[in-house]
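Student: Show me how the following folds:
(2 chains, ligands or ions: 2)
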Amino acid sequence: MKTESRLEKVLASGQFAVTAECGPPKGSDANVLHEKGKHLLNRVDAVNVTDNQTAIVRMSSVAASTILKGLGHEPILQMVTRDRNRIALQSDLFGAYALGIRNVLCLTGDHHSFGNQKQAVGVFDLDSIQLLRTVRDMRDDGKIIGGEDIQVPPKMFIGAAENPFADPVSWRVVRLAKKVAAGADFIQTQCIFNVDRFAEFMKQAHDMGLTEKVYVLAGITPLKGVAMAKYMANKVAGMEIPDELINRMAGVPKEKQADEGIKIAVETIQMVREIPGVAGIHLMAIEWEHKVPEILEAAGLDKRPAI
Amino acid sequence: MIVAELKEIREIRNLIDRYAKILVVGCDSCVAECAAGGHRETMLLAAALKLSYKNDNLNPVITEACLDRQCVDDFIEGIAHQVPEHDAILSLGCGAGVQALARVYADKPILPALNTLFIGETEMRGIWQENCLGCGQCKLGHFGAVCPVTRCSKKLMNGPCGGSKGGKCEVNPEIRCGWDMIVRRLDALGELDRLSEYVPPVDWSTSHSGGPRLIVREDQKP
Ligand code: SF4
Ligand code: SF4
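Tutor: Ligands and ions are numbered 1, 2, ... in the order given. Below you'll find the model as predicted:
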């Protein structure tokens, strides 16, 4: 075991892991985390705590992870390189570990032009792969960027994101390999709606021996309705939703669409479970955390391993 | 070259309304190429200002001049005889030109008429593309002569982000994804292998992050 992470233990034991997402509030209300979190508590192995997602200002992911940890969750601290330079990122990693956080997901982040602070400086001092390597070098070599030694290095279980659906297609698996080489222990993918294309991506990853080296958690997002499906297909960076799915959603009456979305999510979970190399799922029920228990139950994943 | 655009007349007026005699000075180098501050644009701006003042029943003195290069002293001296009789200089040079005038004519107010945008190229008539941020340590050799610092909206060094779609950047469908260009070009050149290597964090100390840069070359001094 490289770390004290619960998620690492679940994955290393070979059990199918479940992670979910919990977005911090737009403000300082810790109760929001309590409310959202209670639908996830003991139902998932770890909770991703997003870092000013889509460049909207929210409670810091370090603070929200610490609060969630206090409530009994296993947080995965998301860190984007958009807003902090290497000084701030490394400092926050020290702090996060000291606060008991054991998992980190290294991201570049959505461009700030998407958010509510469009006039901001985009930092991008490091990219996500350089951040991965930084966290790995801290853990395995006890060094910060530049080679100085650390007393009590943070020992994080390190994650990265990958989008099998972005372009250029030929490049996606190369990028995955680069992330693995830079230190990724686990990967959480972009929301999967096109299972065939995801399976193709996993096959390439498998053929390159990558699934031996990294745990891949397949990203699942339940669609709340046809409007959300269209919005995500057209407006969300790097998202691919096949027309058949949009038509399927549109084909049921409005009041039934949420149920249909959940049905699709459960079917998708069942399909990705069969794909070799998939070690778990990452459930992103955006502002729909209370549906997580229902989805996991329907997918037969509601019993989490005791570690 | 340096690419710039003309400010709105209203903004320029706000800067110069307090002066009675204004010398409008163009620059016939980069900003002429991008049709923002060359000889022609200087004449047009002076005419537009005169008209704008006339509409307000005002009649300041507005004199046009144009230098071949506004960022080199030898050329800047070309307007030395006109400067004393004016209260202020409105420069159509880039930011460097404006500041060079201010250094040479230390006792005159110098106001910018342009917004200086970037180092770039004329891709075709009417289209200018930013392609260098002057990072001080040129990396083009590794990236198929497409600059990841400039052409990628996130300055990524290790490959495209998850937002690259159909050759476009996630930031704006008008912007080409720099990484799509890098991958395609190296693929076509049979040099994709250059990209599998990990690129460590950039040393930004040679860029503007290290403070304003200054080159001193003894061999070039007079
Ligand atoms: S690598 Fe640096 S110097 Fe070279 S084109 Fe890009 S910004 Fe300019
Ligand atoms: S879409 Fe392309 S250019 Fe835009 S941020 Fe991503 S990699 Fe960079």
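
Student: tell me which element the closest residue in space to A:M138 that isn't next to it in sequence is part of?
Tutor: Leaving aside its sequence neighbours, A:M138 sits nearest to A:P153 (CB to CB, 6 or more residues apart in numbering or on different chains; 4.9 Å). Just so you know, the C-beta spots here come from the backbone N, C-alpha and C atoms, and that holds for glycine as well. For A:P153, there is no helix or strand it lies in under DSSP states H and E.

Student: burial of A:P153, as a residue count?
Tutor: 19 (other CB atoms under 10 Å in any protein chain shown).

Student: and the gap between it and A:H73?
Tutor: Per CB to CB, to the nearest Å, A:P153 is found 24 Å from A:H73.

Student: repeat for A:W171
Tutor: To A:H73, A:W171 is 35 Å away according to CB to CB.

Student: Over to A:V47?
Tutor: 5 Å.

Student: repeat for A:A250
Tutor: With distances taken as CB to CB, A:A250 is found 36 Å from A:H73.

Student: Which one of those two is surrounded by more residues?
Tutor: Neighbours were tallied for A:A250 and for A:H73 using other CB under 10 Å; the higher tally belongs to A:H73 (23 against 16).

Student: Now for the more buried one: which residues touch it?
Tutor: A:H73 sits next to A:22, A:37, A:40-41, A:46-47 when contact means CB atoms under 8 Å, 6 or more residues apart in numbering or on different chains.

Student: Quick check: phi and psi at it.
Tutor: Backbone torsions of A:H73, given as degrees, to the nearest 10, read phi -90, psi 160.

Student: and the host helix or strand of A:T66, what does it pack onto?
Tutor: In this structure, A:T66 sits in helix A:61-70 according to DSSP H and E. In terms of contacts (3 or more CB pairs under 8 Å, 6 or more residues apart in numbering or on different chains; DSSP states H and E), helix A:61-70 is packed against helix A:30-38, strand A:46-49, strand A:75-80, helix A:86-98.

Student: So for it, what gets flagged as buried?
Tutor: For helix A:61-70, the buried set under the neighbour-count rule, 16 or more other CB atoms under 10 Å in any protein chain shown, comprises A:61-69.

Student: Which of the three states applies to A:A161?
Tutor: At A:A161 the chain is in strand, as set by DSSP: H, G, I helix; E, B strand; the rest coil.

Student: That one contacts A:Q190, correct?
Tutor: Yes. At 7.0 Å, A:A161 counts as touching A:Q190 under the criterion of CB atoms under 8 Å.

Student: quick one, what contacts the most centrally placed residue in chain A?
Tutor: Centroid-nearest residue in chain A, with CA atoms, centre = their mean: A:Q188, separated by 4.9 Å. A:Q188 makes contacts with A:19, A:48, A:105, A:159-162, A:217, A:219, A:282, as judged by CB under 8 Å, 6+ apart.

Student: which of the residues you listed count as buried?
Tutor: By neighbour count, with 16+ other CB under 10 Å, those hold A:19, A:48, A:105, A:159-162, A:217, A:219, A:282 as buried.

Student: and A:V195, what does it touch?
Tutor: By CB under 8 Å, 6+ apart, A:V195 lies in contact with A:268, A:271-272.

Student: Might one say that A:I275 is in contact with A:E200?
Tutor: No. Assessed by CB under 8 Å, A:I275 is found out of contact with A:E200, at 10.0 Å.

Student: More neighbours: which of those two?
Tutor: Set side by side, A:I275 and A:E200 show more neighbours around A:I275, with 19 against 16, by other CB under 10 Å.

Student: Near chain B, which residues of chain A are found?
Tutor: Counting by CB under 8 Å from any CB of the partner chain, the residues of chain A close to chain B are A:82, A:86, A:108, A:110-111, A:113, A:122, A:124-130, A:133-134, A:145, A:161-163, A:166-168, A:170-171, A:174-175, A:177-178, A:181-182, A:190, A:237-238.

Student: Mind checking which of the residues you listed are in strands?
Tutor: Of those, the ones assigned to strands by DSSP state E are A:161-162, A:190.

Student: rewinding a little: what touches both of A:A161 and A:Q190?
Tutor: Common contact partners of A:A161 and A:Q190 (CB under 8 Å, 6+ apart): B:G162.

Student: where along chain A do the helices fall?
Tutor: Per DSSP state H, chain A carries helices over the ranges A:6-12, A:30-38, A:61-70, A:86-98, A:128-141, A:169-182, A:195-207, A:226-235, A:243-250, A:257-273, A:292-298.

Student: Between these, which one is closest to ligand 2.
Tutor: Set against ligand 2 and scored by CB to the nearest ligand atom, those come closest in helix A:169-182, at 10.1 Å.

Student: before we move on, back to that, surely the residue nearest to A:M138 and A:D137 touch.
Tutor: No. Taking contacts as CB under 8 Å, A:P153 lies outside contact range of A:D137: 9.0 Å.

Student: and for those two, which residues touch both?
Tutor: A:K143.

Student: Tell me where chain A is predicted with low confidence.
Tutor: Chain A contains no residues with pLDDT under 70.

Student: What residue in it comes nearest to ligand 2?
Tutor: Nearest to ligand 2 in chain A, going by CB to the nearest ligand atom, is A:H111, at a distance of 6.1 Å.

Student: which residue sits closest to that residue in space, ignoring its chain neighbours?
Tutor: B:V171 (4.8 Å).

Student: my guess is the one you found contacts A:D110, does it?
Tutor: No. If you go by CB under 8 Å, B:V171 and A:D110 don't touch, sitting 9.5 Å apart.

Student: which one of these two has more residues nearby?
Tutor: Counted by other CB under 10 Å, B:V171 and A:D110 do not tie: A:D110 has more neighbours, with 24 against 19.

Student: Might you report the residue contacts of the more buried one?
Tutor: A:53-55, A:80, A:82, A:237, B:163, B:170.

Student: what's around residue 72, how many residues?
Tutor: Defaulting to chain A. Count around A:G72 with other CB under 10 Å applied: 10.

Student: Oops, wrong one, chain B.
Tutor: The burial count for B:V72: 14, using other CB under 10 Å.

Student: how about it, phi and psi?
Tutor: Dihedral angles (degrees, to the nearest 10) for B:V72: phi -130, psi 130.

Student: quick one on the thing from earlier: who touches the residue nearest to A:H111 in this structure?
Tutor: Applying CB under 8 Å, 6+ apart, we find B:V171 in contact with A:111, A:113, B:153, B:163.

Student: Quick check: residues of chain B near ligand 1?
Tutor: Within chain B, the positions adjacent to ligand 1 are B:132-135, B:138-140, B:147, B:149-150 by CB under 6 Å from any ligand atom.

Student: okay, now A:L132: neighbour count?
Tutor: The burial count for A:L132: 28, using other CB under 10 Å.

Student: My error: substitute A:A298 in the last question.
Tutor: Neighbours of A:A298 (other CB under 10 Å): 16.

Student: what residues does chain B put near chain A?
Tutor: Counting by CB under 8 Å from any CB, the residues of chain B that sit close to chain A are B:153-167, B:170-172, B:177, B:179-180, B:183-184, B:187, B:195-196, B:198-202, B:204.

Student: give the contact list for the closest residue to ligand 1 within the stretch 201-307 of chain A.
Tutor: Relative to ligand 1, the nearest point of the stretch 201-307 of chain A is A:A237 (23.8 Å; CB to the nearest ligand atom). Listed by CB under 8 Å, 6+ apart, the contact partners of A:A237 are A:110-111, A:114, B:162-163, B:165, B:170.

Student: Can you tell me which of those are buried?
Tutor: Buried among the contacts of A:A237 (16+ other CB under 10 Å): A:110-111, A:114, B:162-163, B:165, B:170.
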